[in-house]
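Novice: got a structure for you, letters missing:
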């Protein structure tokens, strides 16, 4: 199709929006390993998970055979308030780089939560409401997930209790206030409101918290209150399922204009964005129909895919969750004070871990100063101030486009711009003042962390 | 057209976006009064304005006869990065209110500046660049205009110097940091960098500043530096011209679906949003083709239309600008610390002032706590966290919809949602904590301010 006919922003019509989520696991030959009960080392059953998760979400979590699952009308109606998300052609970025590459990004930041997290938040809140629950508990790092869940709960009239990693709670008072405006109850984690929080504070009195700690607290809070369940914004299969709307919309928009991507790039913390973005593309790759390069980008300070071990591990620091087989740095790994809060997680989605292990996925790690350099450059050229997390993908997209400039290749690059950085200005200020540094864990640090991985005999 | 066929969000196609700005003054029988030179009390000429404004912008400022002015391609390309803005059908709000009214809002917040201000910022920066200037100076209150101008200047490679009202500079460090990320130089106003700033600080040592003070400083800075001009984000005719893209897109979207509005509502500080939103509708009203109700909403703490005088006055506190005939509270009026920063201006666009005086426009004033109540309600139902300024329009839109509920009338209400409140969380926090109060100036305060209006004999 003629270059000129591709608009800056491709918006699907409302009736072109997905009516089904896509379940990537259904097309995988090697399925992700099952969750294990840490006490028995047996696979978790529906009943095992019932005290923690909503019934219908457990079904989605365990279902690795149904490829398409219908999106309930109520959720589709909510999606229509902020979706479809635009697929943007980065004409200005291409011109500025002088690259023959064609760059597109799927922009998920046009909603108050500032990211793609809302796609799963509304789904999880919907099933909790449908089950007649009073409320849900969760953790949040950078605050995007907590905000998204608060928005979904306010809309449905559910109580929302958020454990927010203490360092974010303090650095991002405005994020906290957005959640409060949506009626959520926000507690800095670790806190004295849970047993596991007290225990962590006893062991590490000065700790500024981590996602892993906050998960432990939120799970405990859910199981101790009548009518509450725990919800999680990443890592889980169900979250990747809900996030498939990102990839499905992207694919439909590309197909509409006859565009074939060569490279698909997404940042990866727990894997929710990347897993959602790549879904329908990975489907074609798994079926041998297409051969896209698919790249996961993670911070050098928390490199679970590129330097982690593929092993069973706890999903949290307090060791209260089931065991999941994944690329992990060890649930005791405390990442440095990297500002890309959403990527500071020790593990990785089991689905993405399996795909990576099977060679369907590449992974690269990038350092924070290079990420912010790309972020600032992108903001000035493309207008949108990106979240630090998303900027990991920008960094690699720019690097790939510059390679094309050298080789003259006209590759088509698609990346996920998961969100905006409006609540990350403390980090931008550090970068603007030249006060930001990089941190890469040493092999010794990682080995020490791996040594504490739980021992699980091969099945 | 069938109810069901109207989507939640109406996006125009790229080729349906306006190619011309609409100049409302061309259709007014009573033209806005000319700017006067404060020394001679004679109308300002092109030459009088040349030291302050770019040439092409002066032409636009003085042109009250050309109805349509072509938008340069470079500006249209920039618009395509964040426009068209969606016209949203507030289905959820309607349901929650139980009103038979149909509510639409034009949402201008989907860009990093967080508001409609970018529409004029890129235009003004473009003409400065075209004239070969080095940079521009400006003031900002809430920070949306300053951010917008920083973005436009970064894109075009122009220097950008922003005088930011001190109270906002301190309350909104993150806004400042966004501007710095876009390469702008931000100075808290009043400052010691200008003569007028020094003078204001001598007279009012503890002042936290005002838009009027910051304008004085920015104008002085522009005229003292070689290759610089001053740009302004509201009030001026040229700004209303550029902002007409809001109304033109809104009208095209409504026409496309055969929707006829009954009431059009916009918040009004200096008048840039309202003037832009109502343009093509007011055109039909001026020509006697339609009879829309058009409502300006202002804060009760700064009620220029509802309680001001229609008189010649300075546009700034330092009395360095030309005189403009407008509804004004007096250039010495210091509004209370109302958090809707962008509406804290003593005057009003001369175009809107004339339309109001001629009875084409209604005006109402609303109190801050009622505004935040509406803002929070809207956020929880419609998802988007609105700017306090925009929430003035939400308040009145809800009030009108509730009147329809009483009478059973199925009116169609369109309002302007000018921006997001992500950088206004200090104000939301105050409201969430029950610490927000209202303030309405007394008649005595206003009389004292009116007594200082400049004496200008009737022409």
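Specialist: Thanks, I have it. Keep in mind the model is a prediction, meaning the values are calculated, not measured.
Novice: Next, residue A:352: secondary structure please.
Specialist: Here residue A:352 is recorded as helix under DSSP: H, G, I helix; E, B strand; the rest coil.
Novice: Now do it against residue B:59, distance only.
Specialist: From residue A:352 over to residue B:59 the distance is 58 Å, taken as CB to CB, to the nearest Å. Backbone N, C-alpha and C define where each C-beta goes, glycine included.
Novice: Show me what counts as buried in the worst-scoring helix or strand of chain A on mean pLDDT.
Specialist: Within chain A, no helix or strand scores below helix A:166-171, which has a mean of 87 by mean pLDDT, DSSP states H and E. Neighbour-count burial for helix A:166-171 flags A:166-169, A:171 (criterion: 16 or more other CB atoms under 10 Å in any protein chain shown).
Novice: Dump these into TSV; add distance to residue A:247 as well.
Specialist: Formatted as TSV, the buried residues of helix A:166-171 follow (distance: CB to CB, whole Å):
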residue	distance to residue A:247
A:166	34
A:167	32
A:168	28
A:169	32
A:171	32
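Novice: In terms of neighbours, single out the busier of residue A:352 and residue B:59.
Specialist: residue A:352 (31 against 16; other CB atoms under 10 Å in any protein chain shown).
Novice: which residues does the more buried one contact?
Specialist: By CB atoms under 8 Å, 6 or more residues apart in numbering or on different chains, the contact list for residue A:352 reads A:240, A:268, A:271, A:274-275, A:296, A:305, A:361.
Novice: Which of those fall within helices?
Specialist: Counting by DSSP state H, these place A:240, A:274-275, A:305 in helices.
Novice: In the stretch 251-400 of chain A, what residue comes closest to chain B?
Specialist: Using CB to the nearest CB, the single residue of the stretch 251-400 of chain A nearest to chain B is residue A:380, 4.0 Å away.
Novice: and that residue, how many neighbours?
Specialist: By other CB under 10 Å, the residues close to residue A:380 number 20.
Novice: try the one 3 residues further on
Specialist: Summarising burial for residue A:383: neighbours were counted as other CB under 10 Å, giving 22.
Novice: Next one: it, what pLDDT does it get?
Specialist: pLDDT recorded at residue A:383 is 95.
Novice: swap in residue A:439?
Specialist: At residue A:439, pLDDT is 88.
Novice: That one in helix, strand or coil?
Specialist: Under three-state DSSP, residue A:439 comes out as coil.
Novice: ok, residue A:25 touching residue A:355?
Specialist: No - Residue A:25 is beyond contact range of residue A:355, at 9.9 Å (criterion: CB atoms under 8 Å).
Novice: The two: which has the busier surroundings?
Specialist: Ranked by neighbour count (other CB under 10 Å), residue A:25 and residue A:355 place residue A:355 first, with 26 against 20.
Novice: which residue packs closest to the more buried one, ignoring adjacent ones?
Specialist: residue A:361 (4.7 Å; CB to CB, 6 or more residues apart in numbering or on different chains).
Novice: list the contacts for the one you found?
Specialist: Counted by CB under 8 Å, 6+ apart, residue A:361 has contacts A:278, A:294-296, A:352, A:355.
Novice: Dump those to CSV, plus distance to residue B:325 and pLDDT.
Specialist: Compiled in CSV, those are given as follows (distance: CB to CB, whole Å; pLDDT from 0 to 100):
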residue, distance to residue B:325, pLDDT
A:278, 61, 98
A:294, 63, 98
A:295, 61, 98
A:296, 62, 98
A:352, 65, 98
A:355, 68, 98
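Novice: Contacts only, for the residue most central in space within chain A.
Specialist: Geometric centre of chain A, nearest residue: residue A:272, 3.3 Å, by CA atoms, centre = their mean. By CB under 8 Å, 6+ apart, the contact list for residue A:272 reads A:116-117, A:120, A:233-235, A:239-240, A:243, A:349.
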